[in-house]
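> what shape does this take:
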Amino acid sequence: MRFGLYLLAFTALAGIAEAEPLLLKNKGNSVSLSIYNQNLALVKDIRPAALQTGNNEIVFDGVASQIQAETAIIYGDGIDVNEQNYSYDLMSYDNFIEHSLGQEVTTVRTNPTTGENIYEKARLIGSADGHPILEFSYGIESNYPGRVVFNYVPAGMSNQPTLTAKLKSRDSGNRNLYLAYLTNGLSWKTDYVANVRSKNSLDLTGWVTISNNSGIDYEQAKIQLIAGDVNIVRPMLTRAYAAKGMRMMAMNAVQTEDMAMESGGITPESINSYELYTLPNMTTIKDKQNKQIALIEKNNVQYEREFNLNTPLYFGSYAQNEFEKHHPQITYVIKNVTDSNLGISLPAGTVRFYENDKSGNLQFIGSNNINNTAKEDTLRLNLGDAFNISISGKVKQIKERELARKPINQCYNVKTLKTYEVELTVNNAEDSENKVIISQNFPQDYRISKENFKSIEKNATLRQWEIAAKSNDKTKLEYTVDITFSNRLCE
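Residues are numbered from 1 along each chain as shown. Next comes the predicted model:
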């Protein structure tokens, strides 16, 4: 029956077919998906077909309901595609109403006394706010209290989207036809679990979550994931140009899949400066389903823990010269290198950290997001503010000297050198020594003249000090800074 419905549908679209349409069902094990982070996927489907010499009409059953129809391309050896049609007139109550206007339907209402169904015939003449308007022998009902039973499936309507093509085959025989298209409704994201094992090592596991809202199931599909933001251009292209590009893209993707599947494992590879992950096993992704798959597993990954504070001290006319007990951020620093037992491309996602307490109970200790991270990059993940470490600071101006005074009309440009002494106290109440990094912003014209810990110049206005804060002790950072200010004074 369904085959007949397809025949009616495509006869209405394309006129009388030269040959009976050939229905190619999606039987699974033939679909490959390249899924992007941007609610986009490239679907590649291979279906066998028994073609006749000359004109053939092909029906691809079960394509994604969110297909970008203009991107679809059908290709195969010895064929020329002349026409493609996408039918998305799916079975729904509203579509049944629209296609059945003027037709006879069966109505059903329940006898309130006996509970029996009462069947009647009526003509469907319209609808309003989702309610059918029915013409009975006794008159017109616009608020019918029962159900409407449709007598047949209207021509052209299907329970899933279909793609049809008219093509010419150079000879007859069995061969594979390839269908490739872009569709919305498929996306993926990565979630990481970092299980802290010791003071300097953790186990890192990455899970990929694939979301399918494209409108169809993918049975036993080959899956590839592309990390990176692909530019999507939406101007009108010529059909031939778009088809050529899609054909090359799909054929290259299928070949890449085959090689990746043979090698096994999930090892990322670069493709046009993006990272591509090929899942080693075929998997089924149902419509309206989120599926989690293990992507990365690395044990004994080396890390460093830091405590970072950018002080609120401000030098100038409106200086903030003191602060009390600011808690630094806890920062986990992971170098994405082989020597740290990592050294792989990490797709963007959320990293959640866990650690066992002294009783062996697992505790959540914080999370942060990462961007796409290439090999040799460094991750710096802030997990929150330290409870047992605090920093206090104060500034004292000890000198001031005018360097120059240049008259301009009735005013002067005055340069003044001011010298400050700064004292910061790190209180480490933990039972271990910790690395504390203190950052300070300065006006652009400054010079550190004296310091008890060596500082690092990060940029023209930012300085950092690395302090080895001893356990259960207070450590002082002291330095002297000379700052030149330029002011305009008018008498």
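
> what residues does stretch 68-80 touch?
49, 51, 58, 60, 63, 81, 84, 86, 163, 165, 167-171, 175-184, 239, 242-243, 246-247, 250 (Cβ atoms under 8 Å, 6 or more residues apart in numbering). All C-beta atoms are positioned from the backbone trio N, CA, C, and that covers glycine.

> again with stretch 473-487
Contacts with stretch 473-487, where a contact means Cβ under 8 Å, 6+ apart, come from 315-316, 398, 403, 413-428, 436, 438, 442-443, 445-453, 455, 465, 467-469.

> number of residues surrounding residue 433?
Counted by other Cβ atoms under 10 Å, the residues lying close to residue 433 total 14.

> on that earlier part again, derive a ChimeraX selection command for the buried subset of the contacts of stretch 68-80.
Filtering these down to the buried ones (16 or more other Cβ atoms under 10 Å) takes a single ChimeraX command:
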select :49,51,58,60,63,81,84,86,163,165,167,169,177,178,179,180,181,182,183,184,243,246,250
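
> domain boundaries for this protein, per the record?
93-149, 390-490 (automatic domain parsing).

> pick out the shakiest of those, pLDDT-wise.
Mean pLDDT values for these show the minimum at domain 93-149, a mean of 84.

> can you give the distance of that one from its chain's centre?
46 Å (Cα atoms, centre = their mean, to the nearest Å).

> measure that domain end to end?
End-to-end distance for domain 93-149, by Cα to Cα, to the nearest Å: 11 Å.

> can you offset everything so residue one is 59?
Let's use 59 as the start, then, which means that last one is domain 151-207.

> quick one on the thing from earlier: distance to residue 253 added to the domains of the chain, as a markdown table?
Output for these, formatted as a markdown table (distance: least, Cβ to Cβ, whole Å):
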| stretch | distance to residue 253 |
| --- | --- |
| domain 151-207 | 51 |
| domain 448-548 | 20 |
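
> which of those sits most buried?
Of these, the one with the most neighbours on average (mean count of other Cβ atoms under 10 Å) is domain 448-548, at a mean of 15.

> how far is it from where the chain is centred?
In terms of Cα atoms, centre = their mean, the centre of domain 448-548 is set 43 Å apart from its chain centre.

> same question for stretch 427-444.
The answer for stretch 427-444 is 18 Å, by Cα atoms, centre = their mean.

> how far does that stretch stretch from start to finish?
First-to-last residue span, stretch 427-444, Cα to Cα: 19 Å.

> list the buried ones in that stretch?
Buried residues in stretch 427-444 (16+ other Cβ under 10 Å): 428, 430-431, 437, 439, 441, 444.

> give the rounded mean pLDDT of it.
94.

> stretch 283-294 now?
pLDDT averaged over stretch 283-294 gives 61.

> buried ones in stretch 405-421?
405, 407, 409-413.

> mind checking which of those are in helices?
Using DSSP state H, no member of the buried residues of stretch 405-421 falls within helices.

> not counting its neighbours along the chain, what's nearest residue 143?
residue 222 (4.7 Å; Cβ to Cβ, 6 or more residues apart in numbering).

> what count of nearby residues applies to that neighbour?
24.

> the longest strand belonging to the chain - contacts with which helices or strands?
Scanning the chain for the strand with the most residues, using DSSP state E, yields strand 447-466. When contacts are defined as 3 or more Cβ pairs under 8 Å, 6 or more residues apart in numbering; DSSP states H and E, strand 447-466 sits against strand 380-384, strand 469-486, strand 492-499, strand 531-548.

> mind running it again at 7 Å?
Using 3 or more Cβ pairs under 7 Å, 6 or more residues apart in numbering; DSSP states H and E as the contact criterion, the elements in contact with strand 447-466 are strand 380-384, strand 469-486, strand 492-499.

> pLDDT on the first one, on average?
Think strand 380-384. 94.

> what pLDDT, on average, does the helix or strand following it get?
Tracing the chain past strand 380-384, the next element assigned as helix or strand by DSSP states H and E is strand 387-393. Throughout strand 387-393, pLDDT has a mean value of 97.

> quick one: residues in contact with strand 387-393.
359, 361-366, 398, 400, 411, 436-444 (Cβ atoms under 7 Å, 6 or more residues apart in numbering).

> so what's residue 350 up against?
Neighbouring residues of residue 350 by Cβ under 7 Å, 6+ apart: 265, 267.

> parallel or antiparallel, list what pairs with the one helix or strand it maps to.
Residue 350 is part of strand 347-360 when elements are defined by DSSP H and E. Using DSSP bridges, the strands paired with strand 347-360 are strand 259-270 (antiparallel).

> can you list the buried residues in the partner strand?
By neighbour count with 16+ other Cβ under 10 Å, strand 259-270 contains the buried residues 260-262, 264-266, 268-270.
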